[in-house]
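Colleague: Would you be able to build a 3D model of this:
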Amino acid sequence: MIAGGLIVAALGVGAFAQASNALVGVLKVRLGGDSAETRLVVDLDRSVTGKMINDGSTGREVVVAFPKVAMSGDMKGAGQGVVRRWTMTPKGGSARLTIELSRNAQVSRRFLLPPGDGVDHYRYVIDLKAVGGGRDDPRDTRGLGPAQSAPVEVASRREPTIPIKASRRSGRKVIVIDAGHGGHDPGALGRNAHEKDVTLSAALALKKRLEKTGRYTVILTRDSDVYVPLEGRVRIARRADADLFISLHADAGPESTSGASVYTLSEKGEGRVGKVLNKDDWLMNASVNGGDRGVGQILLDLSQRATKNRSAAFAELLVDEISDVTPMLRRSHRDANLMVLLAPDVPAVLLEMGFITSPSDESLLTSPASQARLADRIGDAIDRWFSRDLRVASR
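Modeller: Below you'll find the predicted structure:
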């Protein structure tokens, strides 16, 4: 669930098969992400359990032990993002993964993905998140892009065909609904469902609810099981001149953790917008790209500040509406440096509809009736938000 570049360390499968049929073999180790959040994936030929030895909270090192893993020798590779370098070494019929960090960071989540969706092997995923105000290692100069809940796998990329600007002749507001993950990126895994399937079902239910009113033009970033890159999702919203962008996800964590939450752009993410604008044509705005650069930056700052305030206002309405139909985390409105929230001129929220790793939440997330109730309440929040804007504009 992290965006950014991908480093693949292609490692030969050792003589693990000779040791025992029960032993697990390591296929390769891959990295993706940036200096805020980084994902490390260990590709394996069988299921495995991992034991956390050090989660990074003490010193700049993360250590995970894997029992019943056979290796013919040490494996190691260069780092990316918060990872400076990594090594995997055999240790008495098991293996130990040591991740040297380039800055203060901790493990935010770990989970195992089974084969599926075109992938024929297991993947042990470790998500690392920067903590504190420590600076990056000065030798880490890769300048990677913003991070979000996204894949570390190379996958086919397809974006829906949409007009550069949605038609405004009808007077309808334009809502872009983003079903998280998709295609070769399954997202988090519950006991019975993949995150990508849950988000798509929820997106379709919400689209149906909104279109029923006749007030909105609704655009989906994907309407089938395909992978759309994160920057593509933001591009879709900006090309459509969207009035609101809603990204739907399902969280992962311990089985005991449950509840929905809503994210808006953090102060740190706000500071990244200008950098992304400078580097990526897909986020370029004519008012910033042309004319006086100082004036352009002022216009960007004003637009971004207004957009952030509007996003936060909608997030509060959304939390208020959905809290009656789904459990909520104690701190239900959060902020984060998420790629899909970076458009400086489109109010945006990311809704974690619950924890797919929680049996109770998964039951709600996969129930058509529960999805319909949640879609109704999200729709109610959207109705309230635009009705409030209309009242303010009429004064």
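Colleague: Show me the protein divided up by domain.
Modeller: Segmentation of the chain into domains, based on automatic domain parsing, reads 5-130, 173-394.
Colleague: I'd like those domains written out as JSON lines, with mean neighbour count and mean pLDDT added.
Modeller: Where you see a C-beta, it was placed from the backbone N, CA and C, and this is true even at glycine. As requested, the domains of the chain are exported to JSON lines (neighbours: other Cβ atoms under 10 Å; pLDDT from 0 to 100):
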{"stretch": "domain 5-130", "mean neighbour count": "18", "mean pLDDT": "80"}
{"stretch": "domain 173-394", "mean neighbour count": "19", "mean pLDDT": "80"}
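Colleague: what's residue 381 in contact with, if anything?
Modeller: Applying Cβ atoms under 8 Å, 6 or more residues apart in numbering to residue 381 gives the contacts 314, 317-318, 320-322.
Colleague: now those residues in a markdown table, with distance to residue 115 and secondary structure?
Modeller: As requested, those are exported to a markdown table (distance: Cβ to Cβ, whole Å; DSSP: H, G, I helix; E, B strand; the rest coil):
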| residue | distance to residue 115 | secondary structure |
| --- | --- | --- |
| 314 | 39 | helix |
| 317 | 41 | helix |
| 318 | 36 | helix |
| 320 | 41 | helix |
| 321 | 38 | helix |
| 322 | 34 | helix |
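Colleague: and the two most separated of those?
Modeller: Between any two of the contacts of residue 381, the greatest separation by Cβ to Cβ is 12.2 Å, found for 314 and 322.
Colleague: give the contact list for residue 124.
Modeller: 41-42, 44, 48, 50, 66, 110, 112-113.
Colleague: same thing but 7 Å
Modeller: Counting by Cβ atoms under 7 Å, 6 or more residues apart in numbering, residue 124 touches 42, 44, 48, 50, 112.
Colleague: Out of those residues, flag the one nearest to residue 99.
Modeller: Of all the contacts of residue 124, residue 42 has the smallest distance to residue 99: 10.8 Å, by Cβ to Cβ.
Colleague: Okay, and the beta partners of the closest one?
Modeller: Beta-bridge partners recorded for residue 42 (DSSP bridges): residue 29, residue 124.
Colleague: For it, give me its contacts.
Modeller: With Cβ under 7 Å, 6+ apart, residue 42 has these contacts: 26, 29, 97, 124.
Colleague: Could you report the distance from it to residue 264?
Modeller: Using Cβ to Cβ, to the nearest Å, we find residue 42 at a distance of 33 Å from residue 264.
Colleague: what do you get for residue 85?
Modeller: With the distance defined as Cβ to Cβ, residue 85 ends up 34 Å from residue 264.
Colleague: go on, residue 333?
Modeller: With distances taken as Cβ to Cβ, residue 333 is found 7 Å from residue 264.
Colleague: shared neighbours of these two, anything?
Modeller: Common neighbours of residue 333 and residue 264 (Cβ under 7 Å, 6+ apart) are residue 315.
Colleague: residues in contact with residue 62?
Modeller: Listed by Cβ under 7 Å, 6+ apart, the contact set of residue 62 reads 54-56, 99, 101, 107, 128.
Colleague: in which helix or strand would I find it?
Modeller: strand 61-67 (DSSP states H and E).
Colleague: strand partners of that strand, parallel vs antiparallel please.
Modeller: strand 51-55 (antiparallel), strand 94-101 (antiparallel).
Colleague: now, which of the contacts of residue 124 sits nearest residue 214?
Modeller: Of all the contacts of residue 124, residue 214 sits closest to residue 112, with 45.3 Å by Cβ to Cβ.
Colleague: mind listing what the closest one touches?
Modeller: Applying Cβ under 7 Å, 6+ apart, the residues near residue 112 are 47-48, 122, 124.
Colleague: Next step: those restricted to strands.
Modeller: 122, 124 (DSSP state E).
Colleague: Among the contacts of residue 112, which pair sits farthest apart?
Modeller: 47 and 124, at 9.2 Å, using Cβ to Cβ across the contacts of residue 112.
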